[in-house]
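Asker: need a structure here:
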Amino acid sequence: MLRELGVEVTPTQIVDLVEALKYVDLTSRQDVRNAARTVLISQPQHYPLFDQAFELFWQARKTNQLQQMNVGRPIAIPRKKPPQQIVVLLAEEIAIPRKKPPQQIVVLLAEEAHGEAEESKEPLVDRVYTYSEQEVLRHKDFAKLLPEELVEVNRLMQAMTWRLEQRRTRRRMRAKQGQYLDMRRTMRHNLRYGGEMLELSWQGRKLKRRPLVIIADMSGSMERYARVLLKFIYVISNGLEQVESFVFSTRLTRLTLHLRHRDIDTALDEAMSVVQDWGGGTRIGESLKTFNYDWARRVLGQGAVVLVISDGWDRGEVTLLDKEMKRLHLSCHRLIWLNPLLGYANYEPLTRGIQAALPHIDHFLPVHNLVSLEQLGKLLETL
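Answerer: Predicted structure coming up:
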């Protein structure tokens, strides 16, 4: 009904509404109304339209009520059994602004229709909106994907667009209105006036996107997510300009050069071949120490953002992990920890590694499905 009245309702909003109804009292009409209005309506001018649709869908029961709302007359659906539903065709436009011309809307009413009905093999259907398979895959955990689903997820992942927030550099560039006076251009442009400063030229700070550094856990505890996350690293490495990629298990391995191939399968096979400790134990503290001492000065300049992907299971020294996380946090612009276990509702950060790392993390986010990657993309644009 909302779609027919010009209100854009996406599949994501439908899923969000289903989730929201789990937390409200379904016997309370006002609670259901508020939940639906909050999730489905994003523009103030659509509030009256939502109220009309809500009242019509849940309350309209009699002909005189429908006529008062100026929505036409009820027409009975022919069925084999006594009709249990009434189809109301909105013959006239409701006096509310909307984006597209009025169309007929089918409203199913739960009250029993009066009068006899003729038999009909097919019910009267105006339009059916089906649940998209892609929407299911967007919310499905990476560890539970079937092989054919994994292919589709890879395609959707490659279609994502990644952007990082721009930072102001020390370099200056020409600007209509800037903070700094460009004396050379000002003098040159005012020669026509005999050297009198009648026109001023300005400069502003040049903007440049922040570098991104990815440090991913490929140990045995991350094996269910390792291949998919490696494809995510490949996609984001080829979607942004300055990306450095590292993986670790018991030691740190740089994959930046190996992930620059145009063919994703070739890049992933080559990357997996150079990782000697794939699926081994986890030593997060020692791996971060190697990064801080050997790579931090090279790749963490210009306000870099660091993504650490790990479930936090660590067999190394907790004190070392705490020390190296603190040093890494002080060396970068933002430190984001992505944990696939955050996708579980009952997850609690109880492991020693996570407890040692949490005080030094700016953002603690899940990375278990496509929706979580979309949320990460929105965050990176605003850092």
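Asker: so where does Val228 fall, helix or strand?
Answerer: Element membership of Val228, judged by DSSP states H and E, is helix 223-239.
Asker: so which bits of that helix are buried?
Answerer: 224-226, 228-238 (16 or more other CB atoms under 10 Å). No exception for glycine: its C-beta is placed from N, CA and C like everyone else's.
Asker: repeat for stretch 295-306
Answerer: Quick answer for stretch 295-306 (16+ other CB under 10 Å): 295-296, 299-300, 303-306.
Asker: what residues are up against Arg33?
Answerer: Phe54 (CB atoms under 8 Å, 6 or more residues apart in numbering).
Asker: tell me the helix or strand right after the helix or strand harbouring it.
Answerer: Here Arg33 is covered by helix 29-40, with elements defined by DSSP H and E. Following helix 29-40 in sequence order, the next helix or strand is helix 47-59 (DSSP H and E).
Asker: nearest to Gly377, of the buried residues of helix 223-239?
Answerer: For the buried residues of helix 223-239, the closest approach to Gly377 (CB to CB) belongs to Ile236, at 8.9 Å.
Asker: if I look at that closest one, how far off is Leu380?
Answerer: 9 Å (CB to CB, to the nearest Å).
Asker: shared neighbours of those two, anything?
Answerer: With CB under 8 Å, 6+ apart, Ile236 and Leu380 have common neighbours 162, 212.
Asker: helices or strands next to the strand or helix carrying Ala356 in the packing?
Answerer: Taking DSSP H and E as the criterion, Ala356 maps to helix 352-357. Counting contacts by 3 or more CB pairs under 8 Å, 6 or more residues apart in numbering; DSSP states H and E, helix 352-357 is packed against helix 318-331.
Asker: give me the helices and strands touching the helix it packs on, please.
Answerer: helix 284-294, helix 296-299, strand 334-339, helix 352-357.
Asker: next SSE after the helix holding Val228?
Answerer: Helix 223-239 is succeeded, C-terminally, by strand 243-248 (DSSP H and E).
Asker: contacting residues around that next one?
Answerer: Contacts of strand 243-248 (CB under 8 Å, 6+ apart): 211-219, 230, 233, 236-237, 252-256, 259, 271, 275, 277, 283-284, 287, 291, 295, 299.
Asker: Gly353: what's it in contact with?
Answerer: 282, 284, 310, 312-314, 318, 321.
Asker: just give the number of residues close to the closest residue to it other than its chain neighbours.
Answerer: Leaving out its chain neighbours, the residue that sits closest to Gly353 by CB to CB, 6 or more residues apart in numbering is Asp314, at 3.3 Å. Neighbours of Asp314 under the rule other CB atoms under 10 Å: 26.
Asker: how far away is Asp314 from Arg172?
Answerer: In terms of CB to CB, Asp314 sits 46 Å off from Arg172.
Asker: now do Val18
Answerer: 52 Å.
Asker: higher neighbour count, the two?
Answerer: A side-by-side neighbour count of Val18 and Arg172, using other CB under 10 Å, places Arg172 first with 15 against 10.
Asker: for the helix holding Val228, packing partners?
Answerer: helix 147-158, strand 212-217, strand 243-248, helix 264-274.
Asker: now do the third one and helix 223-239, the angle between them.
Answerer: Direction vectors for strand 243-248 and helix 223-239, defined by axes from the mean of the first three to the mean of the last three CA atoms, to 10 degrees, enclose an angle of 160 degrees.
Asker: that older thread, who wins for proximity to Asn339 among the helices and strands packed on helix 223-239?
Answerer: strand 212-217 (9.6 Å).
Asker: got the contact list for the closest one?
Answerer: So strand 212-217 is in contact with 164, 229-230, 233, 236-237, 240, 242-249, 252, 282, 284, 287-288, 291, 299-300, 304-311, 332, 380, going by CB under 8 Å, 6+ apart.
Asker: how about 7 Å then?
Answerer: 164, 229, 233, 240, 242-248, 282, 291, 299-300, 304-311 (CB atoms under 7 Å, 6 or more residues apart in numbering).
Asker: domain map for this protein?
Answerer: 11-109, 170-207, 210-380 (automatic domain parsing).
Asker: which of the ones you listed comes out lowest on mean pLDDT?
Answerer: Ranked by mean pLDDT, these end with domain 11-109 at the bottom, a mean of 65.
Asker: tell me how far whichever strand in the chain runs longest lies from the chain's centre.
Answerer: Determined from DSSP state E, the single longest strand within the chain is strand 166-175. Per CA atoms, centre = their mean, to the nearest Å, the displacement of strand 166-175 from the mean C-alpha position of its chain is 30 Å.
Asker: what of stretch 272-288?
Answerer: Distance, centroid of stretch 272-288 to centroid of chain: 29 Å (CA atoms, centre = their mean).
Asker: may I have it exported as CSV, CA atoms only?
Answerer: What follows is stretch 272-288, C-alpha atoms only, in CSV (Å, rounded to 0.1, in the frame of the first residue of the first chain):
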residue,chain,number,x,y,z
MET,A,272,47.6,-18.1,0.0
SER,A,273,50.7,-19.7,-1.4
VAL,A,274,53.0,-17.1,0.3
VAL,A,275,51.3,-17.4,3.8
GLN,A,276,53.4,-20.2,5.4
ASP,A,277,51.3,-20.3,8.7
TRP,A,278,47.8,-20.3,7.2
GLY,A,279,45.4,-21.9,9.6
GLY,A,280,47.9,-22.2,12.4
GLY,A,281,48.0,-20.8,15.9
THR,A,282,47.4,-17.1,16.8
ARG,A,283,50.0,-14.7,18.2
ILE,A,284,48.4,-11.3,17.8
GLY,A,285,50.8,-9.5,20.1
GLU,A,286,53.9,-10.7,18.3
SER,A,287,52.5,-10.1,14.9
LEU,A,288,51.6,-6.5,15.8
